[in-house]
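Colleague: Quick check, what structure comes out for this input:
(chains A and B)
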Amino acid sequence: MAGGVSDEELLRRCRVDEDSAAFESLVHRYEVELFNYLRRYLGNAEMAEDVFQATFLQVHLKREQFEEGRRFRPWLYTIATNQAIDAQRRNKRHRMVSLDSRTGGENDVGALVEMLAGNGQTADEKMQDAEACDWVRSAVDALPEPLRATLVLVYHQGLKYREAADVLGIPVGTVKSRLHSALLKLNESWQQAGPRVAETD
Amino acid sequence: MREHLVGYLFDSLDEAEAREVEAALADKLQSDAMRRDLELLKRAVAPLARDRASLPAPAGLASRTLAFVAAQTGPETLPLRRPMTPAREAGAPASGRAWLDRLLMAASALAACILVVPLVYDAITESRARRVERNLQRVAGALHGYGESQRVYPTPPDGGPLSRAGLYAPTLVSDHRLLADDGTLVVPDSDLARRGSFRIPTIEELEAAQGTPRFDELIRIMGGDFGYTLSHRCAEGRLQPNENLRRATHPLLADAPAECCEKSDNHPDGFHYILFEDGHFERRHVDFLHQEGDHLYRNREGKVAAGIDPDDTVIGGSHHQP
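Modeller: Prediction:
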């Protein structure tokens, strides 16, 4: 019904016309995508479901605050991320892990590339079986929260740097450095644990 | 340029930045090193692709969400109004055809209501039940943790103004096992939920409020929508601590009783949630609440007070005294 209508137009109908069908369309449209984001962000499907519901409650309550000209998707992710942070606080699962002190995208990419160049075999080449999928997921889950959030938004959810920066409320440069730090940490852990994964083959 | 490579790989750059990278890749002087770096980065992120596929959302998530939003925002905002038709907007006079249209629309709407309302009601009921059960799991975990560390479950003092069933909640908050304001002790659509911003008071707040009308209010609400065991008295009349004997038939916490102390009004469907001493909880209909002469909200003497022996369980409302 609302297939060709933009998210922003659906929200406008919801706001101006109080069109319930438009709101329903938004919920259905983002059911899989947002649930997957929250599941990855929170590492817990049950919490992700709660936060999904809370997110759309906030969308409904704050629909008047949506500014014309903004894009809906980053706004939705901002609300969802804030709700997820609140949920983590309530569940005392918020991990207070200090960020890697590295800053500056150029240096991070350089360090990552140098490390990769020194390794004869990548983690992916070492991982042969389906267990690797679970292992990759747990490695991502183990990242410090700011790094994980950035990685999930940019890599898994496909947001542009600028959109991810808006969602997280940080400068674009910080998004880049966090992403690079995340990849560095993942590769460090893959290099350490990769052979063990390979031994199980 | 090098710092753009990851963004280029993930398609996260702005168009202008992406064009810069492509220009650099086409530049003979830079391209070899950049292609090498790009290839290494591709290999580095390749394992992530193993977990990139989306999982299906839980069945009915969207429906439950819509029902949840409807339940939370109340009848004054939902169902949302449909947009007016252009004819209505233009103030066109109603013709005979328009009346027929309206009649057909009304009939369609009625049929839709008959079909949809039970589904929406079911979704709301299911959403409520899931929320209550999750909250009970949290309370059970908090009580169990407290019981493990203190050797006994929270027990009200044997006298004084704070000797109330609901004191279990401030006790769990003081012990950092429950958050004061996360709504764990609130049942959806209850009076407390409708009032909003419920917060469990601290023991210090209760002590400071003694002798004021505020104290009576805090005492009445501190246990949230749940009642808690009033424990039992020994033969000498002393209130006994709530030991965890892991009894599967010994209620520890349940939906708070209504004023009549015969049932709870928390759930319109007449069901009651009861958390037992061993940590499991059950959902029982009011018809099966006081089986075999063991009244949930009164002791064997018919009083809303502590039990008269270790097996006599009484769930008191927040302000009830042992």
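Colleague: Enumerate the positions of the host helix or strand of residue B:204 that are buried.
Modeller: Following DSSP states H and E, the helix or strand that holds residue B:204 is helix B:203-209. Residues B:205, B:206, B:209 are the ones in helix B:203-209 that count as buried (16 or more other C-beta atoms under 10 Å in any protein chain shown). Using the backbone N, CA and C atoms, a C-beta is placed for each residue, glycine as well.
Colleague: next structured bit after that helix?
Modeller: Next in sequence after helix B:203-209, counting helices and strands by DSSP H and E, comes helix B:213-221.
Colleague: so what's the residue most central in space within chain B closest to, chain neighbours aside?
Modeller: The centroid of chain B falls nearest to residue B:131 when counting by C-alpha atoms, centre = their mean (4.0 Å). Once flanking residues are discounted, residue B:131 sits nearest to residue B:188: 5.7 Å by C-beta to C-beta, 6 or more residues apart in numbering or on different chains.
Colleague: and what of residue B:157?
Modeller: Computed as C-beta to C-beta, 6+ apart, the closest residue to residue B:157 that is not its neighbour in sequence is residue B:163, at 4.9 Å.
Colleague: Phi first, then psi, for the one you found.
Modeller: Here is the backbone geometry of residue B:163 (degrees, to the nearest 10): phi -80, psi 80.
Colleague: Just give me the neighbour total for it.
Modeller: A count of nearby residues for residue B:163, using other C-beta atoms under 10 Å in any protein chain shown, gives 17.
Colleague: Could you double-check that residue B:158 lies in contact with residue B:240?
Modeller: No - assessed by C-beta atoms under 8 Å, residue B:158 is found out of contact with residue B:240, at 9.1 Å.
Colleague: which secondary structure element contains the residue nearest to the centre of chain B?
Modeller: Per DSSP H and E, residue B:131 falls inside helix B:96-150.
Colleague: what does residue B:274 give?
Modeller: Secondary structure from DSSP H and E places residue B:274 in strand B:271-276.
Colleague: what's the answer for residue B:67, then?
Modeller: helix B:61-73.
Colleague: what about residue A:71, distance to chain B?
Modeller: Using C-beta to the nearest C-beta, to the nearest Å, one gets 14 Å for the distance from residue A:71 to chain B.
Colleague: In space, what's closest to that residue - neighbours in sequence excluded?
Modeller: residue A:8 (6.8 Å).
Colleague: okay, and the helix or strand of the chain with the least pLDDT?
Modeller: Reading this off chain A. Between all helices and strands in chain A, the lowest mean by mean pLDDT, DSSP states H and E belongs to helix A:123-126, at a mean of 53.
Colleague: that's the wrong chain, I wanted chain B
Modeller: In chain B, the helix or strand scored least confidently by mean pLDDT, DSSP H and E is helix B:86-89, which has a mean of 38.
Colleague: and the residue in the stretch 101-250 of chain B positioned nearest to chain A, backbone torsions?
Modeller: As assessed by C-beta to the nearest C-beta, chain A sits closest to residue B:182 within the stretch 101-250 of chain B, at 4.3 Å. Main-chain dihedrals, residue B:182, degrees, to the nearest 10: phi -100, psi 10.
Colleague: again, but for residue B:307
Modeller: With angles defined as degrees, to the nearest 10, residue B:307 sits at phi -70, psi 160.
Colleague: in the sheet, who's paired with it?
Modeller: residue B:232 (DSSP bridges).
Colleague: Give me the distance between it and chain A.
Modeller: 34 Å.
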